[in-house]
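K.L.:
fold the stuff below for me.
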Amino acid sequence: MALNFNNIQIDEELERLLPPLSKEDYNILEQSLLKNGFEQKFGRIKVWFPKGNNGKCYIVDGHNRFKICKNQDIKLVSGDFEQVKFDSRDDVKKWMFENQLARRNLSIVDKYEIVERYSVTLKAIAKKNQSDGGMGLINITRIDVRKEKANMMGISEGSYYKLDKIMKSRNEDIKRDLRNKRISIDKAYQIVNASLKEKEVITPQQQIQKLHDRISEIDKNIRKLNKEKEQILKKLNSIYDLLDIEFTVNC
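P.N.:
Residues are numbered from 1 along each chain as shown. Next up, the predicted model:
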């Protein structure tokens, strides 16, 4: 489809999916564009033409470069853009996240934050699939959201679970060390987990309930063992009857 510069738009929802540049990185990019103009060697701006959108297209990669060029009147030509085709908006989102994750030098925290932005889309797909499955539609792929996130990041589901716990904790120092690749997920998880256990406060009411629960558990086991004992005694009695031996019980 022919590119009309007036039809190039930034979709706010799609733009919000990607981590924003820091102020420092944005300024560096702006100065580079002002000095050298738009350089295709760093990749063309990618656009998507939705069906039935009257020729309007949305940027799916290169938002910041496009904004700076537009605001600073930096010349862009048709060759600076590349059209990418998708069947649906969800496909666009998936591609955008995978494109971000493929970039070099991302820390595990960077990847986590990117994937978490994709979480809403993954949950929506999983919910839709569940609904379609209930309607009797076939060939519906069920999505395990946590497993899918782990796969996207290239780590195990167990590692993702630990990372999620770390990122939801209040230990900012550990998060910073993890972002700067100074500590492993396992080590960070051990520190955070130990810290949470230290801060766990058990009230007298909780202690009482815990003991009551244990008593109930013991009583349950006693009933189970007594039932097993009765069954064993019956079997023994049958065997003694067959052998015509007097049966005595030792308690």
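
K.L.:
please count neighbours and contacts with C-alpha atoms only from this point.
P.N.:
Fine.

K.L.:
so what touches the helix or strand hosting Tyr58?
P.N.:
Under the criterion of DSSP states H and E, Tyr58 resides in strand 57-61. Under the criterion CA atoms under 8 Å, 6 or more residues apart in numbering, residues 7-11, 14-15, 45-50, 92, 96 lie in contact with strand 57-61.

K.L.:
mind redoing it with 10 Å?
P.N.:
Contacting residues not belonging to strand 57-61 are listed as 1, 3-12, 14-15, 18, 43-51, 66, 81-84, 92-93, 95-96, 99-100 [CA atoms under 10 Å, 6 or more residues apart in numbering].

K.L.:
Lys175 sits in which helix or strand?
P.N.:
helix 172-179.

K.L.:
which other helices and strands contact that helix?
P.N.:
If you count contacts as 3 or more CA pairs under 10 Å, 6 or more residues apart in numbering; DSSP states H and E, helix 172-179 packs onto helix 108-117, helix 157-167, helix 185-199.

K.L.:
export those to CSV and tack on mean pLDDT?
P.N.:
What follows is these, written out as CSV (pLDDT from 0 to 100):
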stretch, mean pLDDT
helix 108-117, 88
helix 157-167, 93
helix 185-199, 84
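
K.L.:
report pLDDT for the residue most central in space within the chain.
P.N.:
Among the residues of the chain, Lys149 comes closest to the average C-alpha position under CA atoms, centre = their mean, at 3.9 Å. Note on Lys149: pLDDT of 87.

K.L.:
quick one: closest of the helices and strands packed on helix 172-179 to Glu217.
P.N.:
helix 185-199 (24.1 Å; CA to CA).

K.L.:
show me the shaky parts of the protein.
P.N.:
Along the chain, segments meeting pLDDT under 70 span 1-3, 104, 125-126, 128-143, 198-202, 247-251.

K.L.:
buried residues of the longest helix along it, list them for me.
P.N.:
Longest helix in the chain by number of residues (criterion: DSSP state H): helix 204-243. Neighbour-count burial for helix 204-243 flags Asn237 (criterion: 16 or more other CA atoms under 10 Å).

K.L.:
now do stretch 102-122
P.N.:
The neighbour-count check on stretch 102-122 (16+ other CA under 10 Å) flags 108-112, 114-119, 121-122 as buried.

K.L.:
got CSV for the residues you listed, with distance to Asp213 too?
P.N.:
Shown next, in CSV, are those (distance: CA to CA, whole Å):
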residue, distance to Asp213
Ile108, 41
Val109, 40
Asp110, 43
Lys111, 42
Tyr112, 39
Ile114, 43
Val115, 40
Glu116, 38
Arg117, 41
Tyr118, 41
Ser119, 38
Thr121, 41
Leu122, 39
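
K.L.:
and the residues you listed, which two are the farthest apart?
P.N.:
By the measure CA to CA, Ile108 and Thr121 form the most distant pair in the buried residues of stretch 102-122, at 20.6 Å.

K.L.:
distance-wise, check the nearest residue to Leu34 once chain neighbours are set aside relative to Phe38.
P.N.:
Setting aside the residues directly before and after it, Leu34 is nearest to Ile74 in space (CA to CA, 6 or more residues apart in numbering), at 7.3 Å. Separation of Ile74 from Phe38 (CA to CA, to the nearest Å): 7 Å.

K.L.:
of the two, which one has the most company?
P.N.:
Neighbours per residue (other CA atoms under 10 Å) separate Ile74 from Phe38, with Phe38 holding more: 20 against 16.

K.L.:
so that one lies in a helix, does it not?
P.N.:
No. Read with DSSP: H, G, I helix; E, B strand; the rest coil, Phe38 is coil and lies in no helix.
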